[in-house]
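Visitor: sharing a model that was predicted from the sequence below.
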Amino acid sequence: MKKRAILTAASCLGLLLAGLAITVLSVDYHNRMVKEMEHATPFYIKRTSSQWDKQGRILGELRNTPAAFTIDICAPANADKTLNDKPLKTITPNVNLTVYDTGWIAAGTYDIIYKSQGYVDHRVPNVKISSYSDCVINIYFGQIEYRR
């Protein structure tokens, strides 16, 4: 009887330690270190050339650029507020420059998503691209890591 109690206590202690090890050593995707991006209020620059007849561009200044990042141009959120994350166009800008340019985009309304490893995806909703104008969105890549 005494052996059984000792065996039961040892088994319980072993299970407790195994559970604690799994909790402490497992990968926690809800508690990871990330940085955040910010954007300045978009503004527009008028253009007069015929190249801008039915299209425009998104361009801007970059601060604290990471090693790599992408820009996804997506259709805007639906009326029921569901986000459309399937990109119509993906751009990988040159990170050695302090400015970026998406190239020509047909006039319309888009959601712009900036993505980089180690950063939270940053969405700029309902960006209006008009003919005869460029949309300027300056992006700041934060340097402070947050637990998220």
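Guide: Perfect, I can see it now.

Visitor: use CA for all of it now, contacts and neighbours both
Guide: Noted.

Visitor: what's the burial count for Ala75?
Guide: By other Cα atoms under 10 Å, the residues close to Ala75 number 21.

Visitor: what residues does stretch 129-137 touch?
Guide: 39-49, 52-61, 105-110, 128 (Cα atoms under 8 Å, 6 or more residues apart in numbering).

Visitor: which among those end up buried?
Guide: 39, 44, 52, 54-61, 105, 107-110, 128 (16 or more other Cα atoms under 10 Å).

Visitor: how close does the residue at minimal distance from the centre of the chain sit to Leu16?
Guide: Geometric centre of the chain, nearest residue: Asp121, 1.2 Å, by Cα atoms, centre = their mean. From Asp121 across to Leu16, the span is 38 Å (Cα to Cα, to the nearest Å).

Visitor: same question, Pro125
Guide: Counting by Cα to Cα, the gap from Pro125 to Leu16 is 48 Å.

Visitor: which one's more surrounded, these two?
Guide: Under the criterion of other Cα under 10 Å, the comparison of Pro125 against Leu16 puts Pro125 first, with 16 against 11.

Visitor: for the residue nearest to the more buried one when sequence neighbours are not counted, what are its contacts?
Guide: In this structure, Pro125 finds its nearest non-sequential neighbour in Asp111, 4.4 Å apart by Cα to Cα, 6 or more residues apart in numbering. Going by Cα under 8 Å, 6+ apart, Asp111 touches 73-77, 123-127.
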